[in-house]
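# Sharing a model prediction with you, sequence too.
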Amino acid sequence: PKAAMAFSGKYEFESDDNYDAFVQKIGLPSDKAEMGKNCKIVTEVVQNGNDFTWTQHFPGGRTTTNTFTVGKEADMETMGGKKFKATVKMEDGKLVADFPNYRHTSEICGGKLVEISTSSGVVYKRTSKKIA
């Protein structure tokens, strides 16, 4: 399998598409949905080979951290704070994870972090620019 591209860095939310339709589709409670809307989330990725620590810093000091190794089952947390187990895979340089009710891919594209979540045909795309 070809090695992962370099994901390490800090990325700040720049834009997203289809947020409302997506959070409705996955049943995110409206208070949580409102909190994540146009929210300047900073995503910090530390990559060491196939080991990743993926932290999201929300305004107001809340953070979520997922730590995983590509190809091994790990304990993860969803946008809504649900805990679950998933195996993150590497496909064509993208990280791919199947969350309980959506599929999530992350890739570095033109120096930006592009994350795409798909749930029953609804595609939510979030782009973050590299700040460090």
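Arrived safely. Remember, it's a predicted structure, so these values are computed and weren't measured experimentally. Numbering: from 1, shown residues only.
# Please make it C-alpha for all contacts and neighbour counts, starting now.
Fine.
# Report pLDDT for residue 79.
pLDDT for residue 79: 66.
# and if you look at residue 128?
Residue 128 is given a pLDDT of 97.
# That one - that's part of a strand, no?
Yes - counting by DSSP: H, G, I helix; E, B strand; the rest coil, residue 128 is part of a strand.
# let's have the chain start at 712 instead
Renumbered: residue one is now 712, and that last one reads residue 839.
# what about the nearest residue to it once chain neighbours are set aside, is that helix, strand or coil?
Of all residues not flanking residue 839 in the chain, residue 724 sits nearest, at 4.2 Å (C-alpha to C-alpha, 6 or more residues apart in numbering). The three-state label given to residue 724 by three-state DSSP is strand.
# what's the helix or strand for the residue positioned nearest the centre of the chain?
Taking C-alpha atoms, centre = their mean, the centroid of the chain lies closest to residue 826, which sits 5.8 Å from it. Following DSSP states H and E, the helix or strand that holds residue 826 is strand 823-830.
# any residues touching the lowest-mean-pLDDT helix or strand in the chain, and which ones?
Lowest mean confidence among the helices and strands of the chain (mean pLDDT, DSSP states H and E): helix 741-747, at a mean of 83. By C-alpha atoms under 8 Å, 6 or more residues apart in numbering, the residues outside helix 741-747 that reach it are 731, 734, 791.
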